[in-house]
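# Here you go, sequence then predicted model.
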Amino acid sequence: MLRTQFPGPFIAKINRWQLIYHELRGKREEYLLKLHHEHGPVVQIGPKVLSVNSYSGLQQIFSASNRLSRPEPLPFLHNYKSENLVTTVDGDLHYERRKVLRTVYSASVIDSPDFQRILQDSVDDFLAFISKHQGPVDIRIALRRLAYRVMSHVVYGSSHAANIFQTDSRHGPETDVGWEKDTFKIPSTLFMLYFPYLTLWLRRMNFAPSSIDGSTPSKLVLDRVGRQALQALESDMQGLKSDTDDVPSPQTLIHHLYHTYATEGSPASVPSRDYILSDCFDHFWAGVETTVNALTPMLKQVSFDSNRHHQSRLQEEIRKLMTSKGSTLSTKELKQARFLDAVIRETLRTNPPIGFSLERHAPANDNSISLGGKAVPASWTVGASPLVVGHNTSAFHEPRDWLPERWMNRQEEGLSASDKKHDLAIMKRHFFAFGSGPRMCVGINVAWAVMRAAMAGIYGRYDTELAHSTTGNESGYDILKDRNLKVIFRKIS
């Protein structure tokens, strides 16, 4: 049992306590980086648990043909006492649930005039918020405002999104933000994380205290908005005069979910009203937090004094596009901004917004997964961390350095064809910020559109610098250190 065929520290083959110790200290990814540096691309990090950091490993685990299940439930991410898409354990069921939302985040929807208008209005509001501040801006507050606007339209629709921005302090989004922050700090969350099956058993037996019962507080703005949007859809459906009336074509995420629920009779893909509310709630918060957690280190890196030349290059590229295309740049037009693309990719590599491993369950009675030339035993857990994959030294030269030019064409950067330090094809295969395969981030198109629009909106109009001088070229998943990041914006004349 202990003499497994996979490399790794001896203690990891006995128990997971060392891994848990580093998780509780917030140093899990650094620990995994160290293990991969010592043991190679496949490492055993716990009893029947493997971690990979290479493209071949990613292919084996996350291949589009593999609908692998999650190893364990995620009850701490349940809402309304219901699971949702991201917490769905079974791989085949997850596939069916994801199909319902296939068109919500499609490239054609993101490029549509309606979404482009919403995106531009959101960026304009974000820039207006910045312009009102004479001094340093708490960038996370500003970015959260931007993400709130975009995701509320995507998830709930324009008529309900406006309800989120009430000025009454008792019912503003700050209430939800405070609740979301506190949720991941309390001991009950750790209990649900490390004892998921016990948590679910306590819920089934009605023994679970309110802190772990998976309920969602009614005081939250998002709860009110979600319920109002769902009730409106129910009223619209009941208002149809006959069975021959045309059912409105789904537009928003909640509309897609309810349309499937109502027309197919509570299928497994959308089993209940609570599932609809839970999934919408999760998509909204995931979209908001990952956007903020991606753009915060991006602005920080570009604002370093040591990266002033990168900021100038970014401004020049964007302003050149604005001169030829106009001051309002669409998502399609911003795809032409190659250095902007490089800045985004490099930040997602060094500071991925997903700060944990994406794990899958090797199928029982099936040795179809092979890592490092060795078959993975049935029922083992296999996974990869976006941060660890992004720091693979065989794919990225000097991986701890923030170097956006590594993603540019060799000839443009003055590199010879024989220079293997920055092999673009290899790096792209190791770009894992959004995951890959059937469970990769469903909102990837929205994420790219928002990041491009936000960065173009800022650097087409402003110079930025950090309010408190910070040196270096920071890498790693440590969102807490940027909780109060202040940025100074100076209008470009």
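Nice, thanks for sending it over.
# Quick check: chain neighbours aside, which residue is closest to residue 491?
Excluding the flanking residues, the one nearest residue 491 by Cβ to Cβ, 6 or more residues apart in numbering is residue 462, at 6.1 Å. The way it works is simple: take the backbone N, C-alpha and C, and place the C-beta from them, glycine included.
# er, residue 338 actually
residue 408 (6.6 Å).
# Give me the residue at the spatial middle of this protein.
In the chain, the centroid-proximal residue (Cα atoms, centre = their mean) is residue 290; its distance is 4.2 Å.
# Please list all residues in contact with that residue.
Neighbour list for residue 290: 353-354, 441, 447 [criterion: Cβ atoms under 8 Å, 6 or more residues apart in numbering].
# got it, and residue 276?
Residues in contact with residue 276 (Cβ under 8 Å, 6+ apart) are 230, 254, 257-258, 261, 270.
# could you say what helices and strands the helix or strand bottoming out on mean pLDDT in the chain packs with?
Least confident helix or strand of the chain, by mean pLDDT, DSSP states H and E, is helix 173-183 with a mean of 77. Under the contact criterion of 3 or more Cβ pairs under 8 Å, 6 or more residues apart in numbering; DSSP states H and E, helix 173-183 touches helix 139-156, helix 221-238.
# for the last one, what is the average pLDDT?
Read it as helix 221-238. On average, the pLDDT along helix 221-238 is 90.
# Can you name the element that comes right after that helix?
Next helix or strand after helix 221-238 toward the C-terminus (DSSP states H and E): helix 253-264.
# tilt between the helix or strand just after that next one and helix 173-183?
Going down the chain from helix 253-264, the next helix or strand is helix 273-303, by DSSP H and E. Computed with axes from the mean of the first three to the mean of the last three Cα atoms, to 10 degrees, the direction of helix 273-303 lies at 90 degrees from that of helix 173-183.
# now helix 273-303, how far from the chain's geometric center?
Its chain's C-alpha centre and that of helix 273-303 lie 6 Å apart, by Cα atoms, centre = their mean, to the nearest Å.
# Kindly report the same for stretch 390-403.
How far stretch 390-403 lies from its chain's middle: 21 Å, per Cα atoms, centre = their mean.
# repeat for stretch 50-64
In terms of Cα atoms, centre = their mean, the centre of stretch 50-64 is found 19 Å from the chain centre.
# How many residues are close by the spatially closest residue to residue 466 that is not a sequence neighbour?
In space, residue 466 comes closest to residue 303 once its chain neighbours are excluded; the distance is 5.0 Å by Cβ to Cβ, 6+ apart. Other residues within reach of residue 303 by the criterion other Cβ atoms under 10 Å amount to 22.
# need the contact list for residue 303.
Applying Cβ under 8 Å, 6+ apart to residue 303 gives the contacts 311, 464-466, 487.
# Of the contacts of residue 290, which is the most crowded?
Top of the contacts of residue 290 by neighbour number is residue 447, holding 25 neighbours under the definition other Cβ under 10 Å.
# How about residue 395, nearest residue that isn't a chain neighbour?
Among residues not flanking residue 395 along the chain, residue 430 sits closest, at 4.1 Å (Cβ to Cβ, 6+ apart).
# Which parts of stretch 125-135 count as buried, going by neighbours?
For stretch 125-135, a neighbour-count test (16 or more other Cβ atoms under 10 Å) marks 126-127, 130 as buried.
# what does stretch 176-187 give?
176-177.
# Same question for stretch 454-468.
Of the residues in stretch 454-468, those buried by neighbour count under the rule 16+ other Cβ under 10 Å are 454-467.
# Kindly report the same for stretch 264-283.
269-270, 273-283.
# now swap in stretch 60-76 and tell me
By 16+ other Cβ under 10 Å, the buried positions in stretch 60-76 come out as 60-62, 66-71, 73-76.
# about what we covered before: OK, contacts around the residue nearest to residue 338?
Contacts for residue 408 (Cβ under 8 Å, 6+ apart) come out as 338-339, 342.
# now the closest residue to residue 55 other than its chain neighbours: how far from residue 185?
Closest residue to residue 55 apart from its sequence neighbours, by Cβ to Cβ, 6+ apart: residue 429 at 4.4 Å. Using Cβ to Cβ, to the nearest Å, residue 429 is found at 37 Å from residue 185.
# Let me know how buried residue 157 is, in neighbour terms.
Applying other Cβ under 10 Å, we find 19 residues neighbouring residue 157.
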